[in-house]
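Visitor: Provided below are the primary sequence and the corresponding predicted coordinates.
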Amino acid sequence: MKLIFKCLGPLLFLAITANGQKNKSENPPVFPLGNKVTNGNFTGNVWLQMLVLNDTIYNSNIGSVTFAPGARSKWHFHPGGQLLLVTEGKGLYQEKGKPIKLIKKGDVIKCPPNVVHWHGATPTDDMTHIAIGTNSQKGNVVWMDYVSDFEHKSFK
């Protein structure tokens, strides 16, 4: 039996690995990863692919945002509110003064106007969401303090 496993073990590993790679190529992300964000409003590695830029007809901006494990936004608020549509992975969302919520693929988060919040990936998972800035005629996002490592890791 040991001899059979010794001979077949590497083949099983290759089959499992090849199957995993096949699944990834069959399920590519819906939108490209975009550009790495370097503006100082995030901790960790974050990428943004803008999908719709604000204009006077639609009064919204839409982007696909990908967070590497542990990456997150600063505390911030949107005068016109924000919608988050989680498309991949697991993340965290917190409104000031409330517990952190686990968010995952398929979740829709409604960030009310002028409510201070943050969002990002869990410490161990990446997360992608579509961020929709609504009612942009009411003003742009207001960035605040960084979310500390202690705050980020306090999810229970």
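Guide: Yes, it's here.
Visitor: tell me the domain ranges of this structure?
Guide: Here the domain assignment for the chain is 1-30, 35-152, based on automatic domain parsing.
Visitor: if I pick the closest residue to A68 other than its chain neighbours, what's in contact with it?
Guide: The shortest distance from A68 to any residue other than its chain neighbours is 3.9 Å, reached at N45 (Cβ to Cβ, 6 or more residues apart in numbering). C-beta coordinates here come from the backbone N, C-alpha and C atoms, glycine included. Contact criterion Cβ atoms under 8 Å, 6 or more residues apart in numbering gives 36, 67-68, 71 as the residues in contact with N45.
Visitor: next, format these as JSON lines and append secondary structure.
Guide: Formatted as JSON lines, those follow (DSSP: H, G, I helix; E, B strand; the rest coil):
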{"residue": "K36", "secondary structure": "strand"}
{"residue": "F67", "secondary structure": "strand"}
{"residue": "A68", "secondary structure": "coil"}
{"residue": "A71", "secondary structure": "coil"}
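Visitor: are any of those residues buried, and which?
Guide: Restricting those to buried positions leaves 67-68, 71, with burial counted as 16 or more other Cβ atoms under 10 Å.
Visitor: pick the most deeply packed of the domains of the chain.
Guide: Per residue and on average, the most neighbours among the domains of the chain fall to domain 35-152, with a mean of 17 (mean count of other Cβ atoms under 10 Å).
Visitor: how far does that one sit from its chain's centre?
Guide: Here domain 35-152 shows a centroid-to-chain-centroid distance of 7 Å under the convention Cα atoms, centre = their mean, to the nearest Å.
Visitor: give the rounded mean pLDDT of it.
Guide: Mean pLDDT, computed over domain 35-152, is 95.
Visitor: how about the strands in the chain?
Guide: Assigned by DSSP state E, the strands in the chain fall at 35-36, 42-43, 46-52, 61-67, 72-73, 76-77, 82-95, 101-104, 108-111, 117-121, 127-133, 142-143.
Visitor: in CSV: those, plus distance to S154.
Guide: Written out in CSV, the entries for these read as follows (distance: least, Cβ to Cβ, whole Å):
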stretch, distance to S154
strand 35-36, 27
strand 42-43, 15
strand 46-52, 21
strand 61-67, 18
strand 72-73, 12
strand 76-77, 19
strand 82-95, 9
strand 101-104, 12
strand 108-111, 19
strand 117-121, 12
strand 127-133, 18
strand 142-143, 21
